[in-house]
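Chemist: Could you work out the structure for the sequence below:
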Amino acid sequence: MKRWLLPHPILTLTLALIWLLLANRLTPGHLVLGLLLGWAIPIFTRRFWPETVHIHRPLTLARFMIVLLYDILVANVTVALLILRGPRRVVPGFVVVPLKLQSELGISLLANTISLTPGTVSAWLSPDRRSLVVHGIDVRNPGALIDTIQRRYEAPLLEIFEPC
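Modeler: Take a look at the predicted model:
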């Protein structure tokens, strides 16, 4: 019964927080509306969720979010500097990242995380879901990019969403 009333509690709180950030006001009305939207959206979209989300390590999720926000900020500065220096110093390229993640949610979050970080974008997922092709704006060392993606993004997602 609890799952029916509150199918995704973390999503509910996240949506309410996003609403408050978008409204840019912390009033009782906005708080109630944010919580109402955060509760209603997961209930009405429940049939579109292919699997139940199980977060095995919530502290790792919090650490992952902090790392992601930090990487987004650093990547913004890096990309801006690359653009200001001119196109001659940019070495774009594609890399193939082998995947250990198996869940659809984990792979989707990894692909979205890569695309959220300026300077990289997920380009293609192999049909067997064992590798992800990533385009980088400056790929001087493809191995380093692959290692960064696997170490900073894929490894925490494995801990968070896939049991050991």
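
Chemist: check which helix or strand covers residue 122.
Modeler: strand 120-125 (DSSP states H and E).

Chemist: Show me what stretch 144-161 is in contact with.
Modeler: 53-57, 60-61, 63-64, 67-68, 71, 95-101, 103, 105-106, 109-110, 113-114, 120, 134, 136, 139 (C-beta atoms under 8 Å, 6 or more residues apart in numbering). Where you see a C-beta, it was placed from the backbone N, CA and C, and this is true even at glycine.

Chemist: How about exporting stretch 150-162 as CSV, limited to the C-alpha atoms?
Modeler: Extracted in CSV, the C-alpha atoms of stretch 150-162 (Å, rounded to 0.1, in the frame of the first residue of the first chain):
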residue,chain,number,x,y,z
GLN,A,150,34.4,4.6,-15.8
ARG,A,151,35.9,5.8,-12.5
ARG,A,152,33.9,9.0,-11.8
TYR,A,153,30.5,8.1,-13.3
GLU,A,154,30.1,4.4,-14.0
ALA,A,155,31.6,3.0,-10.8
PRO,A,156,29.3,5.0,-8.5
LEU,A,157,26.3,4.2,-10.6
LEU,A,158,27.2,0.5,-10.3
GLU,A,159,27.3,0.8,-6.5
ILE,A,160,24.0,2.9,-6.4
PHE,A,161,21.7,0.9,-8.7
GLU,A,162,23.2,-2.6,-9.1
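
Chemist: Residue 83: how many residues sit nearby?
Modeler: 12 (other C-beta atoms under 10 Å).

Chemist: start the count at 57, not 1, going forward
Modeler: Yes, from this point I'll number from 57; that puts the last item at residue 139.

Chemist: what angle separates the helix or strand where it lies from strand 176-181?
Modeler: Here residue 139, judged by DSSP H and E, is contained in helix 114-141. Orientation note: helix 114-141 sits at an angle of 110 degrees relative to strand 176-181 (axes from the mean of the first three to the mean of the last three C-alpha atoms, to 10 degrees).

Chemist: got the angle for the next helix or strand after helix 114-141 vs strand 176-181?
Modeler: Next along the chain after helix 114-141, taking DSSP H and E as the criterion, comes strand 149-154. If you take the same axes, to 10 degrees, strand 149-154 sits at 60 degrees to strand 176-181.

Chemist: Who does strand 149-154 pair with, and is each partner parallel or antiparallel?
Modeler: Strand 149-154 has the following strand partners under DSSP bridges: strand 187-192 (antiparallel).

Chemist: Alpha carbons of the strand it pairs with, in CSV - could you do that?
Modeler: In CSV, the C-alpha atoms belonging to strand 187-192 read as follows (Å, rounded to 0.1, in the frame of the first residue of the first chain):
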residue,chain,number,x,y,z
SER,A,187,29.7,-0.2,-25.0
LEU,A,188,28.8,3.4,-25.3
VAL,A,189,30.3,5.7,-28.0
VAL,A,190,31.2,9.1,-26.6
HIS,A,191,32.2,12.2,-28.5
GLY,A,192,34.6,14.6,-26.8
